[in-house]
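Trainee: no sequence for this one, just the structure:
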């Protein structure tokens, strides 16, 4: 584990930010923080959540410079909003979203028309949510020119929502063994307009430097920190084709939202769902933070989507599965009796789903026992 942390830290990033768990107010009862209702209704709770695109803005910048396609910046807006909505959905919040976004840019590299495309993308994705039957609106935002702070572009979003206490989905520790149903991150759902690579918005610093060739360091030095010790060590160009798609397109594929699927799952099967985990920061070890005193086994991961297959051999499977979702970004801990129904429901939306493992209560701190293609490893929760 220490070697993995040293490798990821050498990139200037952290896979799971465990130091944040020691901050005041941290709770694992829900996947996001919930507060007293802002309107004062005791039958409601209020959620205010923040997340962003991380270094995916750099990938968008690289592919924009390589392809010249200005419209690709609209997808970045979906990334920022979905990183919020799908975190909140893990607590049962699937409606009533109000968004605010903050764009930070270096105007020497990010012109006005790029900012306009990102803002158009924010409103465009909210319109799609509305078309799918979700209540959502944009409450404004901020754009800041920060050339001394930002090397290219950053995009962060805040989402707010009220939810009835009756609809909340707390994380419950099961008393017997349950199944873990994973929802695939790649493919093309019925509500998506094109193929999704599944990349999401986590681990992208690792992906960028493990896959892309050294040419990008010399051509676009603004995408690197002067302190970066491991830069662009891969063998691929953004224009290389992967299963018929340019690698650049796969790397900026917008983060899939699971809202339409989860809304229906909650409506039918909420009583049989013990926890919903969004495998973002920390990848497949994310559940350690939320499920205490459990033994979690993950032994049936999805076949690797094409983009993730390119990473084979670049690092150990354990390191890759800790930094990235590697094929599924949502996992549900559920009663065995509803597994077939949940999988069938996901398939109605053309999203692959399968049992990836099991979880059972334990008297010792939680551990995740994982295996993939002949490699096995264990992640442990401290205390």
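Mentor: That came in fine, so what should we check first? Remember, it's a predicted structure, so these values are computed and weren't measured experimentally.

Trainee: how about the residue nearest the centre of the chain: what's its closest non-neighbour residue?
Mentor: Taking C-alpha atoms, centre = their mean as the criterion, residue 280 is the residue nearest the geometric centre of the chain, at 3.9 Å. The shortest distance from residue 280 to any non-neighbouring residue, by C-beta to C-beta, 6 or more residues apart in numbering, is to residue 202 (4.8 Å). For every residue, glycine as well, the C-beta is placed using N, CA and C.

Trainee: again with residue 247
Mentor: residue 240 (4.9 Å).

Trainee: that neighbour - how many residues pack around it?
Mentor: 15 (other C-beta atoms under 10 Å).

Trainee: how close does it get to residue 132?
Mentor: The gap separating residue 240 from residue 132 is 34 Å, by C-beta to C-beta, to the nearest Å.

Trainee: go on, residue 193?
Mentor: Counting by C-beta to C-beta, the gap from residue 193 to residue 132 is 13 Å.

Trainee: higher neighbour count, those two?
Mentor: Of the pair residue 193 and residue 132, residue 132 is the one with more neighbours under other C-beta under 10 Å, namely 13 against 9.

Trainee: go ahead and confirm the more buried one touches residue 261.
Mentor: No - Residue 132 is not in contact with residue 261 according to C-beta atoms under 8 Å; the separation is 11.0 Å.

Trainee: could you pull up phi and psi at the residue nearest to residue 247?
Mentor: phi -60, psi 140 (degrees, to the nearest 10).

Trainee: check residue 130 too.
Mentor: Backbone torsions of residue 130, given as degrees, to the nearest 10, read phi -60, psi -40.

Trainee: skipping adjacent residues, who's closest to it in space?
Mentor: residue 136 (6.1 Å).

Trainee: what's that neighbour in contact with, if anything?
Mentor: Residues near residue 136 by C-beta atoms under 8 Å, 6 or more residues apart in numbering: 96, 97, 98, 99, 126, 129, 130.

Trainee: can you rerun that using 7 Å?
Mentor: Each residue near residue 136 by C-beta atoms under 7 Å, 6 or more residues apart in numbering is listed here: 97, 126, 129, 130.

Trainee: now the residues you listed: which count as buried?
Mentor: In terms of neighbour count (16 or more other C-beta atoms under 10 Å), the buried residues within those are 97, 126, 129.

Trainee: the first one against residue 85, yeah?
Mentor: Yes - using C-beta atoms under 7 Å, residue 97 and residue 85 qualify as a contacting pair, with a distance of 6.1 Å.

Trainee: common neighbours of the two, please.
Mentor: Common contact partners of residue 97 and residue 85 (C-beta under 7 Å, 6+ apart): residue 159.

Trainee: ok, now which ones touch residue 155?
Mentor: Residues in contact with residue 155 (C-beta under 7 Å, 6+ apart) are 52, 53, 57, 76, 80, 101, 103, 118.
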